[in-house]
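Participant: Here is my input, please return the structure:
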Amino acid sequence: MPSDLPILYSLQHCPYAMRARVAIFRSQQPVLIRAIKLNNKPPEMLALSTKGTVPMLVLPDNQVIEESLDIILKVLNDSDPHQLLTAHGQQPLTDIIAIITEFEQGFFVAVEAYKCAKRYQETNIMECRQACEVYLQKLEDRLTQHTFLTADREGLLDIALMPFVRQFSKVERQWYQQSPYPKLRAWLNSYLQSAMFTKVMAKHELWVDGHKDITFGG
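Facilitator: Next comes the predicted model:
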């Protein structure tokens, strides 16, 4: 197995890790993927990062990138055959990153609260859902203008937000299926039913079990 490839420490269902894997898949550049469990992190990973969160990308020179958006930008700046970083017309990339940051600070937090409200059967689940809907409406409005969030082709904003919209959709499935966001549902379904998503969500043997290097992407 090649030893000069970047190493991605990843968790199968973590939305941050998921969007990093989507970017790597779209970059068509291979990495070695190491699947972990949060309660049994490999010492090789912890030796490189006291933060110990996923995703974590270790470059061949041992440089460590610990934020999923930084991983996305790194791999797509290295290789972007689908031109995801330019799928927003004349709008600067910094504007797209600002939108992603807005969603990270608002929508992602609201989705987590919504999940907790459902899990613990709290009485404020409707309020939590409505806090998420402020952001869903923004995405629905974008999708009335074009097929994807910034253009008629996939871009950075799509892959950065998709795993979190997926999280939202799973909290109250029946409500979501009847929700007033038909274009958003169609957009998300196009991902969930794709061959790309199947590959990105493939389950891998845990690194600590066999220490096997598994090539992903490329």
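
Participant: In this protein, what residue spans correspond to helices?
Facilitator: Counting by DSSP state H, the chain has helices at residues 15-27, 43-46, 68-78, 93-105, 107-119, 125-143, 156-171, 173-177, 182-192, 195-200, 207-210.

Participant: Quote the end-to-end distance of stretch 37-49.
Facilitator: End-to-end distance for stretch 37-49: 16 Å, by CA to CA, to the nearest Å.

Participant: Give the buried residues for the helix or strand of the chain with the lowest mean pLDDT.
Facilitator: Here the helix or strand of the chain ranked lowest by mean pLDDT, DSSP states H and E is helix 207-210, holding a mean of 90. Neighbour-count burial for helix 207-210 flags 207-208 (criterion: 16 or more other CB atoms under 10 Å). C-betas here are computed from N, CA, C, even on glycine.

Participant: which residues sit against stretch 170-181?
Facilitator: 111, 114-115, 118, 125, 129, 136-137, 139-140, 168-169, 185 (CB atoms under 8 Å, 6 or more residues apart in numbering).

Participant: Can you add pLDDT and give those back as CSV?
Facilitator: Below are these laid out as CSV (pLDDT from 0 to 100):
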residue, pLDDT
111, 98
114, 98
115, 97
118, 96
125, 97
129, 98
136, 98
137, 98
139, 98
140, 98
168, 98
169, 98
185, 98
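
Participant: of all the residues you listed, which comes closest to residue 88?
Facilitator: Nearest to residue 88 among the contacts of stretch 170-181 is residue 139, at 14.5 Å by CB to CB.

Participant: Surely the closest one touches residue 184?
Facilitator: Yes. With contact defined as CB atoms under 8 Å, residue 139 counts as touching residue 184 (5.4 Å).

Participant: between these two, what contacts are shared?
Facilitator: Contacts common to residue 139 and residue 184, judged by CB under 8 Å, 6+ apart, are residue 165.

Participant: ok, the two, which is more surrounded?
Facilitator: Using other CB atoms under 10 Å as the criterion, residue 139 and residue 184 rank with residue 184 on top: 23 against 20.

Participant: what sits against that one?
Facilitator: Contacts here follow CB under 8 Å, 6+ apart; on that basis residue 184 touches 136, 139-140, 143, 165.

Participant: Then residue 49?
Facilitator: Residues in contact with residue 49 (CB under 8 Å, 6+ apart) are 56, 64, 66.
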